[in-house]
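K.L.:
just a sequence and a predicted model for now, questions to come.
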Amino acid sequence: MRSAPRPHSFALLAAAVALGLTGCGSSPTQGVSPDTPPSAAASGTTGTAAGYSGKLIPFTFPDRPLSFQYPVEWHAGYFEGGGKPSLSGTATVSDPQSTNELTAYLGQMADAVSHPVNRTVFESEPVPGLSGQPAPAANYSFYVDRTDGKPTYRMHLTAGAPGEGKSTALDGIIRVGEEVLVAEVNFQNTFADDDAAKAWLAGAEGQAFKALLLSMSYR
């Protein structure tokens, strides 16, 4: 990857996170899920590499029926939005071996932006644990959007499978219960090209972020 920062072409996730952090009522929980210690929580596996054991542990939103799994070596935090009861919750999951981070926002509202793009889709799969929510069904998706030839790589939940070719930027807002879910990996460094993005996806970190998004469940 190159060291140049990723362009902030999309305002959706930033807006959603801002909603989740406004009037925070609690401190982040680091390194463990809010309700289960790592030693007792290993419940799955993902791709292994240096620094990865392959063990996954569950994270459950303390005040909402949303959960996912993430690598035991990673760090997790949680913030409640303002209001009583809180209007939103925001979970963050980061890999200490890189600057990449996933943010998952669940609340009553989220902003969206839209502009023309030319899209190449690398992967998109339905999320089993969100299949019972309103259509279009939630998908895990990894793709690149190009605007005036400039690429923006995105890995996040999408409402259905993203379309190839000329399209519009995806807002990534998923309906769950009476709220909306926005979950996206924030790449602090962009990829040199599509081949570099595919190589990252095939590696341990890419597979771990993919597994996290596919493990999202709302009960």
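P.N.:
Ah, there it is.

K.L.:
so who does residue 98 touch?
P.N.:
Shown in contact with residue 98 (Cβ atoms under 8 Å, 6 or more residues apart in numbering): 188, 205. Bear in mind the C-beta positions are built from the backbone N, C-alpha and C, glycine included.

K.L.:
where's it, which helix or strand?
P.N.:
Remark: residue 98 resides in no helix or strand, with elements defined by DSSP states H and E.

K.L.:
for it, give its distance to residue 106.
P.N.:
25 Å (Cβ to Cβ, to the nearest Å).

K.L.:
for residue 188, same thing?
P.N.:
Distance of residue 188 to residue 106, computed by Cβ to Cβ: 23 Å.

K.L.:
what does residue 66 give?
P.N.:
5 Å.

K.L.:
before we move on, what about residue 212?
P.N.:
15 Å.

K.L.:
could you do residue 136 as well?
P.N.:
From residue 136 to residue 106 the distance is 18 Å (Cβ to Cβ).

K.L.:
and those two? which has more neighbours close in?
P.N.:
A direct count of neighbours by other Cβ atoms under 10 Å for residue 136 and residue 106 places residue 106 higher, at 26 against 12.

K.L.:
tell me which residues touch the more buried one, please.
P.N.:
So residue 106 contacts 61, 64, 66, 88-90, 176, 179-181 (Cβ under 8 Å, 6+ apart).

K.L.:
then residue 197?
P.N.:
Residue 197 touches 122, 142, 144, 153, 191, counting by Cβ under 8 Å, 6+ apart.

K.L.:
which SS class is the first one?
P.N.:
By that I understand residue 122. strand (DSSP: H, G, I helix; E, B strand; the rest coil).

K.L.:
quick check, pLDDT for it.
P.N.:
Listed pLDDT for residue 122 reads 98.

K.L.:
helices of this protein, start to end?
P.N.:
12-21, 38-41, 194-202, 204-214 (DSSP state H).

K.L.:
and the longest one, how far out from the chain middle?
P.N.:
By that I understand helix 204-214. Centre-to-centre, helix 204-214 and its host chain are 9 Å apart (Cα atoms, centre = their mean, to the nearest Å).

K.L.:
bridging residues for the residue nearest to the spatial centre of the chain?
P.N.:
With distances taken as Cα atoms, centre = their mean, the chain has residue 184 as the residue nearest its mean C-alpha position (2.9 Å). The partner list for residue 184 in beta bridges (DSSP bridges) reads residue 103, residue 156.

K.L.:
run a quick neighbour tally on the residue nearest to residue 131 when sequence neighbours are not counted.
P.N.:
Take residue 131 and drop its neighbours on the chain: the residue closest to it by Cβ to Cβ, 6 or more residues apart in numbering is residue 137, 5.9 Å away. Counted with other Cβ under 10 Å, the neighbours of residue 137 add up to 17.

K.L.:
residue 137 contacts residue 128, correct?
P.N.:
No. Using Cβ atoms under 8 Å, residue 137 is not in contact with residue 128; the gap is 9.8 Å.
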